[in-house]
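Colleague: Structure here, sequence nowhere to be found:
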């Protein structure tokens with residue numbers, strides 16, 4: 001039970017603190033005149049969140065985004081986009097998975113396919 005309380009507290013803390021950190025980092029970079037660092041910081045945070053979600057959401061993603069036998073989510077060195085791209089290539093996305101792919105590709109054309117990390121092998125079965 002204590003673990004659940006710690007999880008809820010840490011999630012609330014993240015929800016409260018991340019926007020504050022984000023505003024601080026953007027303002028700091030603007031004041032220092034280093035606008036390029038805003039892009040770098042945003043990219044790093046986005047990648048960290050993406051990998052975190054790939055790992056910790058792997059069970060639900062595997063159940064709803066890919067067909068049986070598809071390339072699995074959960075590799076700690078891979079993004080959600082890479083996994084979706086591999087399943088797009090292998091035609092193992094579900095309707096929901098393909099819808100997510102279309103949304104990602106609408107933001108950045110060909111995003112999922114170009115995000116494929118071919119240096120990894122799936123260790124999750």
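Modeller: Structure received. Worth saying up front: this structure is predicted, and the values here are computed from it rather than measured.

Colleague: Residue 35 touches residue 27, doesn't it?
Modeller: No. Residue 35 is beyond contact range of residue 27, at 11.8 Å (criterion: CB atoms under 8 Å). (C-beta placed from N, C-alpha, C; glycine too.)

Colleague: could you pull out the helices for the protein?
Modeller: Assigned by DSSP state H, the chain shows helices spanning 2-31, 35-56, 58-64, 80-89, 95-107, 111-114.

Colleague: Disregarding flanking residues, what is the spatial nearest neighbour of the most centrally placed residue in the chain?
Modeller: Centroid-nearest residue in the chain: residue 50, 1.8 Å away (criterion: CA atoms, centre = their mean). Among residues not flanking residue 50 along the chain, residue 79 sits closest, at 4.5 Å (CB to CB, 6 or more residues apart in numbering).

Colleague: list the contacts for that neighbour?
Modeller: Contact analysis of residue 79 by CB atoms under 8 Å, 6 or more residues apart in numbering lists 47, 50-51, 54, 115, 117.

Colleague: and if we set it to 7 Å?
Modeller: Neighbouring residues of residue 79 by CB atoms under 7 Å, 6 or more residues apart in numbering: 47, 50-51, 54, 115.

Colleague: what about this protein, any weak spots by pLDDT?
Modeller: The chain contains residues with pLDDT under 70 at 120-125.

Colleague: okay, now the nearest residue to residue 85 once chain neighbours are set aside: neighbour count?
Modeller: Nearest residue to residue 85 in three dimensions, chain neighbours excluded: residue 112, at 3.8 Å (CB to CB, 6+ apart). Neighbours of residue 112 under the rule other CB atoms under 10 Å: 25.
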